[in-house]
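1. could you look at this predicted model? Sequence included:
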Amino acid sequence: MTALLTVEGLTKAYPGVLANDRVSFEVAPGEVHALLGENGAGKSTLVKMIYGLVTPDAGKMRLNGAAFAPPEPRAARASGVAMVFQHFSLFAALSVAENVALGMEDPPPMGKLAARIREVSETYGLPLAPDRLVGDLSAGERQRVEIVRCLLQDPKLLIMDEPTSVLTPQEVEILFATLRKLAAEGTAILYISHKLEEIRALCDRATILRLGKVVASCNPRERSAAELAEMMVGTKLTPPSRTETQPGEVMLKVEGLSLPSSNPFGTSLKDVTFSVRAGEVLGIGGVAGNGQDELLAALSGEAPSAGGAVSLHGTPIGRLGPLERRRIAVLAAPEERLGHAAAPDMSLTENAMLTAAEREGLAVNGFLKWPAARAFAEKVIEAFDVRTPGPGNAARALSGGNLQKFVIGREVLQRPEVLVVNQPTWGVDAAAAAAIRQALLDLAAGGTAVVVISQDLDELMEIADRFAALNEGRLSTPRPTRGLSIEEIGLMMGGAHDMEVAHVAE
Amino acid sequence: MDLSAINPVILIASLMAAATPILLAATGELVVEKSGVLNLGVEGMMITGAICGFAAAVETGSPALGFVAAALGGAALSLIFGFLTQVLMSNQVATGLALTLFGLGLSALIGQGYVGIKPPGTAALNLGPLSDIPVIGRILFSHDLMVYLSLALVAGVWAGLRYTRAGLVLRAVGENHDAAHALGYKVVRLRLAAIAFGGAMAGLGGAYLSLVRVPQWTEGMTAGAGWIALAIVVFASWKAPRVLLGAYLFGGVAVLQLNLQAAGLAVPVEVLSMSPYLVTILVLVIMSADRSRAAINAPASLGRRFHASS
Amino acid sequence: MIRLERRPAPSRAWTVATPLLAVALTMVAGGLLFAALGKDPVAAIRTIFWDPLFNDQFAAYSRPQLLVKAGPLILIAIGLSLGFRANIWNIGAEGQYIIGAICGAGVGLAFYPSESWLVFPLMVIAGGLGGWAWAMIPAILKTRFQTNEILVSLLLVYVAEQILASMSLGLMRNPEGGGFPGSRNFQQYPAASNPELIAGTGMHWGVVAAFVAVIGAYVLLNRHMLGFHIRLTGQSPRAARFAGVRPTRLVLFCLGASGALAGLAGLFEVSGPAGQISIDFNQGYGFTAIIVAFLGRLHPVGILLAGLLMALTYIGGELAQFMLGLPAAAIQLFQGMLLFFLLGVDVLSNFRIRLGRREAA
C-alpha cells in the first residue's frame, strides 16, 4: 500500500531547543498511526508543521505522492488534512454552528450547515445541538464540536492531539469506535498521545519521539506498555514507593459546599462533601471543566465560602482568605503554573515570596526580607532538583517540569498540615512527574492530609488512598482506590454522558 | 424661565444631529472592540478628523471632500496605534492614551491657521414632499446626508457582524485570538483593518462636529466626545442597535441641557454643562452593575496582547 | 522579514536603554517636524533642551522654573505609577488636581485673614483629601459595580472643570477683585501661601513633597509587602489573588493614593506658582504626568528624571515659542511623540528582533 503522508527529515529549531531533528515517518491510508512521546518531545511542533501552522526549517513532506508544504492551515485543510486540537481552537461565546463554520473553507448557509451538523454528528454517535453556545458545553461535548468540524470536510488525514484527556473512560470507548469506523472508511488518523494503553488498544503503528528525534517505530500491539514507556522515556522508570501508614484523625472536612463560579462559563460547586485524614492522599478525578478550578479556589481560600462548609480540625475556615489559611498550614498549588501558581515575569525569589512570606517569616511588619526569600528559594531549588541557573531567574524561563517542581516544592517545604494540588504533573516530563508524586507521598507519610485533583487517572490510581470524581460540580462519594475498576471510575466521572454507543456500533 | 420655548419636535430633530458624531465614533469603536482591541484614542482620532475635515473643506470648498479627508486622517492616525499595539505589541491602554494626547497636539498644530473661519455649509438633503409631512417630516426627513449615512453605517455594522463571514471571523478573533490563529486566520491583519475602520469612523464623527454641529474650529472642541463614545460601547454591551440607542440618549441629554440653559432654568449653567458627563457615568454604573451580563458580552480577548508563538 | 522572538526574561539593559533611545528618536522626529514648520531644527532642539539650563541670558529665569514645573508632574506621576503597575488606570488626575486645589484653597480662603501658622498645614490636608475623595468616586464605582475606572476618572475631569469655572466665577471670587473672575491671590496672604523656600531655586513645598513621594514609592515598591502586591497584581492578577491580595483594597489604595498626590499637587500649585483659583488654573499637568509615568518606566527614580525632562520641554517650549515663534501645539505634539516612541521601542525589552524567514502567521 502506498503511503498517504510521507515526512522526511523534518527539522525545526526554536531558540535554545531543537524541537524536531530530522523526523521521518509514513502514514498509510486507513491507518491509525500513533505519535508517542513525553511532554516536550516535539509532537506538537511536528503536527503543527503538517497542519501548516509552523514552517519547517528543513525537510520535505509528501501527501498522496505530491510535494506538500502548506504555507497556512487553510492550504492544509484544502489538501484534506484536518486537526482536532487539545485546546485553543473553540470560541466560547459563539454557537456550535458558528464554530464549525469557522473551521471550514466554504461553509454552507447557517440553516443548511446546522442540518449537516446534526446529520454527521448522529452518524458518528456524537450528538450536538448546532445553536448552543460552546461556552455552555462540557469538555467532552466541545471535543465533539471539533471532531464534527473536521468530519464535515471529509478529511483524508485526521490529526488528533491528546484527545482523551478530556473524556471519561466510557467516552474514550465511544471515541475509539468512531475513529475505527473512520479508519475503516479509509481515513488515516495521526493520533498523538503519551498514554500507552490507549495507543496499544487503538493504533496500528507507533512512531516514538524523544527530545525531537524519532527513536523507534513499532506495532504497539506487539509491545508491552513497559517496553513502550522505556522507548519513550529512554530509561526504566521506577513507580513511586509508598509506605503503608494508618490514616490519623480527620484534618480537612468539607460539608455541603456549594459555591457559584466566578467565571461566566465556569462550573459551580454543588453540595460537595468529603474529608481527608492525616497521612492520607485523597484523589479527585474528573474531566476538565467539571469544577476542579473552583474546588481548588474554595480550598485555597481564593473563593471564600459560608463559614461551616470547610473546616480544619472541626474549626470552620470557609471565610478565611489564602493568607489566613496559610497561617494555619492549609496550603495549595493550583493547576496553571504560569500566571496562577507563579508570576511568569518575576524571579524565583519573588515567587518564593508569593506564598511563603507568612510561614517562612520572609516579612516583618510588612517589610520584606529579600535575603531570606532568596535563601528559601535556593532551598526549594536544592531540595527538589530544580534545574535553573539560580533564584534570580524569571519563572517563565524554566521548563514546565522544573517550574512545577519549584511550585510543589515551595508548598511542601512549608510543612503543610493540609496540601491541595490541582494537576500536579500536567505537561511535565516523566522524570519530574515521578519526583513530584514521590514528594506528595512522602509528605503524606509524614502526616499531612493531601488532596490531589487530577485529570490523569493513572496518576490517581498510583498515589491516592481514596478516589472521588467531580462531575458538573458534584463530587461522588470517595471510595478506597484499591480494587476500583476502570468502569466504576468511569461511572463516577459521569459515564458516557449522553453519547450514543448504538449508532457507532452499526 | 420659559420652558414653552422648547419645542419637542425641534428637540428630537436636533438630538439626532447632536448624537451623530458620537454615534459614528462609537460604531467604529464597537467594531474595533469586537475584534478584541481596546483603542482608548477615540478622542484623539475624533479631533484629528475634526481638523482634517475642516481644513480640507475650507481649502476645497467642498464639505464632502472634507468628510473624506477626515476619514482618511482618522484612519491614518489609528494605524499608528495599530502598528504599535499589533506589531510592536505595546500596551493598548497606554498607547490609546498616547494617541489621544498626540491627536490633541497634532490637531492644534494643523488648526492654527483655521481659527475663526466659517466652513462651507453642509446642506440638508432635499427629500421633497417627505420633509413637509408634519412632525415626522421635521424629525426624520430634514437632515443632512451624514445623519442618514451614520444610520446606514450602524445598520451595516450590525448586519455585517451578524450575517457575514467577515463579521463571524472578526467576532471569533475578538473572542479567542489563539484559536483563530490556530485555524489559520490572520489575527493581526484583521485587527489592523478593524482599527483603521474605527479611526475612519471617529474621524467622520469629528468632522461632523467641526463642519456641521458647531461649525467652526476651536482647539479641544471634541470636549470628551470620544470618551463618551467609548462609554456608549460599554453601555451598548457591544451590540450595534444599542449603540444607536445610547448615542441618541446622550444626544437627547446634550440638547436638552442646552435648551434648558437657553430657557434660563434656575440651575447654574455649570451644573447643566456637566450633566452629559454625569449621565454617562450613571449609565455606565447601571450597565456594569449587572456583572454576569457585562462579562458575557464583552469580547473575551479584549485588550489582551497577541503574539503568535507556535 | 523581521520577526519578534520573546525573551525568556525581560532584558534589564534594554529596560534602562529604551527611554534614552525614545528621547533620541523623538529629537530626530521632532527636528524633522520643526524643519517642516520652517524652523531651524538644530536651533529649535537647542532652544528646548539646552538654553533653559545653560544660556546666560535665560538660565537665571528658566532654571528655577525646572523644579516649579517638575514638582507637580513628579508628584502626580508617582501616584499614577502605583496604579498603572497594578493595571488600575486612573487617567483623571487632572480632575483630582483641580478638586485638590479647590478644597485646599477653600480652607485657606475660609480662614482669611487669619495669620495662624495652622492655616497652611490645614490647606495641605484639605488638598490631599479633596483629591483623594474625587478619586474615590471611580474607586468605589469600580469595586462596588465593576464600572470601568478609566472612563469614570476621565469623565470626572470635565465635571471638575465645570466646578472650577463655577468656583472662580462664584463662590471663591475675590470680593475685592473688581468683579474679575478668580479668587484672592495666596501670594499676598502669607499664612496660606507656598513660597519659594530657597531663593533662585524654584524649590517650594510641592517640590519637597515630590521628593518625599519618590523616596516613599521606592521603599514601598521594593521593600514592602503592599508594593510587592501592587507589582504582582499588575503582572498576574490570578497569582496575586492566590497570594492573598484583596483586589478591592488594592483598587481603593491605588486610586486613593494617586488622587491624594494629585490633589496635593493642585494645592501646592494654587497656593504657590499659580497663586489663585481661576478658570484656566489647570495646565494639563494631570495628563502630562501620564507621559512622565511611562517615560520613567513606572519606576520612582525614572519618574524623577522623566519629570525633570518633561519640565524642560515645557520651559524650553515656551522659550522656543518666544524666540523662534514655534507654536505651542508643536511642543504638545512633541510630548505625544515621545510617548509613542517610548511605547514602540519598549518591545526591545521583552522581544528580540530577528531578521530571517517569517513564520506562517
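-> Sure, I can see it.
2. any residues of chain C in contact with chain A? List them.
-> Chain C comes close to chain A at residues C:5, C:8-10, C:223-226, C:228, C:231-232, C:235-236, C:238-244, C:246, C:352, C:357, C:359-360, as judged by C-beta under 8 Å from any C-beta of the partner chain. All C-beta spots, glycine's among them, are computed from the backbone N, C-alpha and C.
3. for the residue of the stretch 151-300 of chain B found nearest chain A, which non-adjacent residue is closest in space?
-> At 3.1 Å from chain A, B:Gly184 is the closest residue in the stretch 151-300 of chain B, using C-beta to the nearest C-beta. Using C-beta to C-beta, 6 or more residues apart in numbering or on different chains and skipping residues adjacent in sequence, the residue nearest B:Gly184 is A:Pro73, 3.1 Å away.
4. now, the residues of chain C next to chain A that are in helices?
-> With helices defined by DSSP state H, the entries of the residues of chain C next to chain A inside them are C:223, C:225-226, C:228, C:231-232, C:235, C:238-243.
5. now the stretch 201-350 of chain A against chain B: closest residue?
-> Ranked by C-beta to the nearest C-beta, the top residue of the stretch 201-350 of chain A for proximity to chain B is A:Pro264, at 4.7 Å.
6. OK, contacts around the most centrally placed residue in chain A?
-> With distances taken as C-alpha atoms, centre = their mean, the residue of chain A nearest its centroid is A:Trp426 (5.2 Å). Residues in contact with A:Trp426 (C-beta atoms under 8 Å, 6 or more residues apart in numbering or on different chains) are A:Glu335, A:Gln404, A:Ser454, A:Gln455, A:Asp456.
7. same deal with A:Thr425?
-> A:Gln404, A:Ala432, A:Ala433, A:Ile436, A:Arg437, A:Ser454, A:Asp456, A:Glu459.
8. which of these come close to chain B?
-> Counting by C-beta under 8 Å from any C-beta, no member of these is near chain B.
9. closest to chain C out of the residues you listed?
-> A:Gln404 (14.7 Å).
10. any idea how many residues pack against the closest residue in space to that closest one that isn't next to it in sequence?
-> Counting by C-beta to C-beta, 6+ apart, A:Val428 is the residue found nearest to A:Gln404 once chain neighbours are left out, at 5.0 Å. Using other C-beta atoms under 10 Å in any protein chain shown, A:Val428 has 25 other residues around it.
11. name whatever forms a beta bridge with A:Pro480.
-> A:Arg466 (DSSP bridges).
12. that one touches A:Ala468, doesn't it?
-> No: the pair A:Pro480 and A:Ala468 fails to qualify as a contact (C-beta atoms under 8 Å) at a distance of 10.9 Å.
13. my guess is A:Arg466 meets A:Thr477, correct?
-> No: assessed by C-beta under 8 Å, A:Arg466 is found out of contact with A:Thr477, at 9.7 Å.
14. okay, these two: which has more neighbours?
-> A:Arg466 (22 against 10).
15. for that one, give its distance to A:Asp293.
-> For A:Arg466, the distance to A:Asp293 equals 22 Å [C-beta to C-beta, to the nearest Å].
16. what's the burial count for A:Asp106?
-> Neighbours of A:Asp106 using other C-beta under 10 Å come to 7.
17. can you tell me the SS state at it?
-> coil (DSSP: H, G, I helix; E, B strand; the rest coil).
18. what's the end-to-end length of stretch A:357-369?
-> End-to-end distance for stretch A:357-369, by C-alpha to C-alpha, to the nearest Å: 9 Å.
19. next one: stretch A:307-320
-> Stretch A:307-320: ends 8 Å apart by C-alpha to C-alpha.
20. does it reach chain C?
-> No: judged by C-beta under 8 Å from any C-beta, stretch A:307-320 stays clear of chain C, getting no closer than 10.0 Å.
21. that older thread, now, of the residues of chain C next to chain A, which are buried?
-> C:9, C:224-225, C:228, C:231-232, C:235-236, C:238-244, C:246, C:360 (16 or more other C-beta atoms under 10 Å in any protein chain shown).
22. pull the contacting residues for whichever residue of the stretch 101-250 of chain A sits closest to chain B.
-> Going by C-beta to the nearest C-beta, chain B is nearest to A:Leu102 of the stretch 101-250 of chain A, at 5.3 Å. Taking C-beta under 8 Å, 6+ apart, we find A:Leu102 in contact with A:Phe91, A:Leu94, B:Leu168, B:Val169, B:Ala172, B:Ala180, B:Leu183, B:Tyr185.
23. B:Leu256 contacts B:Ile12, correct?
-> No: judged on C-beta under 8 Å, B:Leu256 makes no contact with B:Ile12 at a distance of 10.5 Å.
24. shaky segments in the chain?
-> No chain in the question, so chain A it is. Applying pLDDT under 70 to chain A flags residues A:1, A:87-88, A:237, A:243-244, A:495-506.
25. my question was about chain C
-> Using pLDDT under 70, the flagged stretches of chain C are C:1-2, C:355-361.
26. please name the nearest non-neighbouring residue to the residue in the stretch 151-300 of chain A positioned nearest to chain C.
-> Nearest to chain C, among the residues of the stretch 151-300 of chain A, is A:Ser300, at 6.6 Å (C-beta to the nearest C-beta). Excluding the flanking residues, the one nearest A:Ser300 by C-beta to C-beta, 6+ apart is A:Ala332, at 3.6 Å.
27. wait, that neighbour sits on A:Val412?
-> No: A:Ala332 lies out of contact with A:Val412 (C-beta under 8 Å); the separation is 11.8 Å.
28. overlap in contacts of these two?
-> Common neighbours of A:Ala332 and A:Val412 (C-beta under 8 Å, 6+ apart) are A:Leu419.
29. and stretch A:132-142, which residues are buried?
-> A:Leu133, A:Val134, A:Gly135, A:Leu137, A:Ser138, A:Ala139, A:Gly140, A:Glu141, A:Arg142.
30. which residues are contacting it?
-> Taking C-beta under 8 Å, 6+ apart as the rule, stretch A:132-142 contacts A:90-96, A:99, A:128, A:145, A:166-168, A:171, A:264-265, A:287-290, A:472, A:497, A:499.
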